[in-house]
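Peer 1: Predicted model and sequence follow; I will ask about them next.
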Amino acid sequence: MKNILSHSGVIAALLLALPLVAFTPGITEAAQAPAAKKKTEQPASPATSSANASVYDKQPPVTDKELLDFLELLPQFRTWAKGNNEEAHPILRNGKADFLYSPNAAAWVQAHNWNPVRFFCVMGRMAAALSIVEEGNDMTGARSKDMPVVSEGELALARRHLGTMLKAGGDAPPINK
């Protein structure tokens, strides 16, 4: 199976604070075992409390204003997460793409005027969009199962704001343990 991330795709994923394993086929399942041990690291919203729900369910496409607001807060979130040994990354849950974050991360995001489900939905979708753009805009190739579906409009946002996304991703170290 062709690896969906080239060197530039890996960099793109890292720039949005996602570990390398987030979108690498075959490694994702192995990465879930340590995450599953952390019982406190569950999505912290009623919207994701259902066994089959994910942060991406019933979420509208990311808007231009929303992306800019997200990118403004991203470096601060990454710095906070790194300093507090927090994880925030895509996972495969019940066979569906989802996003792992702790109740502490949800509280931090809420304190910064974001709904945690929406913040991590935007983070996951934009990391996926950036990865697709970095791979040459091909949405027809193999996709890791923990990679959310990205709309054409979200891809257009990633293309339009590529410089801002890369700058926001470069302001703090990636969230990796």
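Peer 2: Cool, got the structure.
Peer 1: could you pull out the strands for the chain?
Peer 2: Taking DSSP state E as the test, the strands found in the chain are 88-93, 96-101.
Peer 1: got JSON lines for these, with mean pLDDT, distance to V133 and mean neighbour count too?
Peer 2: Where you see a C-beta, it was placed from the backbone N, CA and C, and this is true even at glycine. Shown next, in JSON lines, are the strands of the chain (pLDDT from 0 to 100; distance: least, Cβ to Cβ, whole Å; neighbours: other Cβ atoms under 10 Å):
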{"stretch": "strand 88-93", "mean pLDDT": "93", "distance to V133": "17", "mean neighbour count": "25"}
{"stretch": "strand 96-101", "mean pLDDT": "95", "distance to V133": "18", "mean neighbour count": "23"}
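Peer 1: I'd like these written out as CSV, with distance to V149 added.
Peer 2: Shown next, in CSV, are the strands of the chain (distance: least, Cβ to Cβ, whole Å):
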stretch, distance to V149
strand 88-93, 12
strand 96-101, 8
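Peer 1: Once you drop chain neighbours, what's closest to W108?
Peer 2: Of all residues not flanking W108 in the chain, W80 sits nearest, at 5.8 Å (Cβ to Cβ, 6 or more residues apart in numbering).
Peer 1: any idea how far the one you found lies from A128?
Peer 2: As judged by Cβ to Cβ, to the nearest Å, W80 and A128 stand 23 Å apart.
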